[in-house]
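> This is a predicted model, with the sequence first.
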Amino acid sequence: MEFWAPFIFKMLLLIVFSFGVLLIVIFPLIAKLSTVFATISLVCGLLVILLLLFIIFGDPALRQLILTYGLSF
């Protein structure tokens, strides 16, 4: 399991970040149909990305690993 942990961590980061970006990118498409749902999509996308960054860089051990080695640890 220790061999797969960095790979799983990177894939989860990619999936969560992609989900947040998707919510932001579909904002103009949804805005044509409903402004309320478009605003909710934009806010949720920003919230997902901000929470992801807070979780990653809020933990001192993870922050030090990422700043020292990048995502290659």
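Received, thanks.

> Show me the residue at the heart of the chain, geometrically.
residue 17 (2.7 Å; CA atoms, centre = their mean).

> Might you report the residue contacts of that residue?
Shown in contact with residue 17 (CB atoms under 8 Å, 6 or more residues apart in numbering): 49, 52. Glycine gets a C-beta too; all of them are placed from N, C-alpha and C.

> Alpha carbons only: can I get the lengthiest helix in the chain in CSV?
In the chain, taking DSSP state H as the definition, the longest helix is helix 35-58. The C-alpha trace of helix 35-58 is given here as CSV (Å, rounded to 0.1, in the frame of the first residue of the first chain):
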residue,chain,number,x,y,z
THR,A,35,-28.3,32.8,-13.3
VAL,A,36,-28.9,31.4,-9.9
PHE,A,37,-27.6,27.9,-10.7
ALA,A,38,-24.7,29.5,-12.6
THR,A,39,-23.7,31.6,-9.6
ILE,A,40,-24.0,28.5,-7.3
SER,A,41,-21.7,26.6,-9.8
LEU,A,42,-19.1,29.4,-9.7
VAL,A,43,-19.1,29.7,-6.0
CYS,A,44,-18.9,25.9,-5.5
GLY,A,45,-16.0,25.6,-7.9
LEU,A,46,-14.1,28.4,-6.2
LEU,A,47,-14.9,26.8,-2.8
VAL,A,48,-13.6,23.4,-3.9
ILE,A,49,-10.4,24.8,-5.2
LEU,A,50,-9.8,27.0,-2.1
LEU,A,51,-10.5,24.1,0.3
LEU,A,52,-8.2,21.9,-1.7
LEU,A,53,-5.4,24.5,-1.5
PHE,A,54,-6.2,25.1,2.2
ILE,A,55,-5.9,21.3,3.0
ILE,A,56,-2.7,20.9,1.0
PHE,A,57,-0.9,24.0,2.2
GLY,A,58,-2.5,24.1,5.7
